[in-house]
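[1] Sequence and predicted structure, then a few things I'm wondering about:
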Amino acid sequence: MNMNETKNCPYCGEEILAGARKCKHCGEWLEEEAKPKPVSVVMNDGFDVHFKTVNPKWWQKLLQMYWFNPKSWLLDELEITNNVITVSVKNGQTLSCPLDQLKVRLQEDKYGRKESYLSCGEEKIHFKEVPFMLSDNEWESLFEKLLSLDDVGETKLNKVNRLLKKAIEAGEDVME
């Protein structure tokens with residue numbers, strides 16, 4: 001490879017050296033093995049989980065926190081151990097609650113991102129799926145765990161949409 005060869009960054013589109021491991025313009029890692037991974041662990045006993053999201057870069061903070069999602073919508077850490085859930089969001093708010101007292105409501109926003117509303121007595125907390133903070137598989141696993149709780153609520157519109165999507169994916173004619 002020629003030392004002067006260039007390519008465009010897949011994240012910001014700026015021109016960078018072809019052998020670059022990190023974009024000098026936006027700071028994104030370009031090689032999968034060099035990219036720092038979010039700290040999230042699914043524990044072995046089947047229901048205990050721990051998710052810790054990555055910290056957003058300055059430009060992601062600017063876009064996500066201030067224009068689209070306030071800090072209160074950004075998950076920092078979620079842990080379920082010994083039948084107790086502990087959730088904290090980026091604004092410092094936390095919720096800790098026994099699973100048998102937890103109320104969960106899940107829905108999707110207009111962009112198809114999942115939102116979670118958790119409450120325990122008078123305490124409430126919510127967070128939204130933000131793609132760069134966890135991998136798609138981690139978000140899916142997190143919401144599957146929340147859905148597996150007995151008392152999960154779902155808005156009627158989201159339930160209808162979910163069932164329609166399932167039927168369409170299965171190739172059923174939903175208009176009959």
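    Cool, the structure landed.

[2] Who are the contact partners of the residue lying closest to residue 109 once chain neighbours are set aside?
    Spatial nearest neighbour of residue 109, excluding adjacent residues (C-beta to C-beta, 6 or more residues apart in numbering): residue 115 at 5.8 Å. Placement of C-beta: from N, CA and C, glycine included. By C-beta atoms under 8 Å, 6 or more residues apart in numbering, residue 115 lies in contact with 73, 106-109, 126-129.

[3] what's the span of stretch 98-106, first residue to last?
    Start-to-end span of stretch 98-106 (C-alpha to C-alpha, to the nearest Å) is 19 Å.

[4] quick one: which of the contacts of residue 115 sit in strands?
    106-108, 126-128 (DSSP state E).

[5] so which of those residues is the most crowded?
    residue 127 (25 neighbours; other C-beta atoms under 10 Å).

[6] And that one, what's its pLDDT?
    Predicted confidence (pLDDT) for residue 127: 90.

[7] what about it, distance to residue 5?
    Distance of residue 127 to residue 5, given as C-beta to C-beta, to the nearest Å: 42 Å.

[8] returning to what we had before: nearest to residue 9 among the ones in strands among the contacts of residue 115?
    Residue 9 lies nearest to residue 128 out of these, by C-beta to C-beta, at 26.6 Å.
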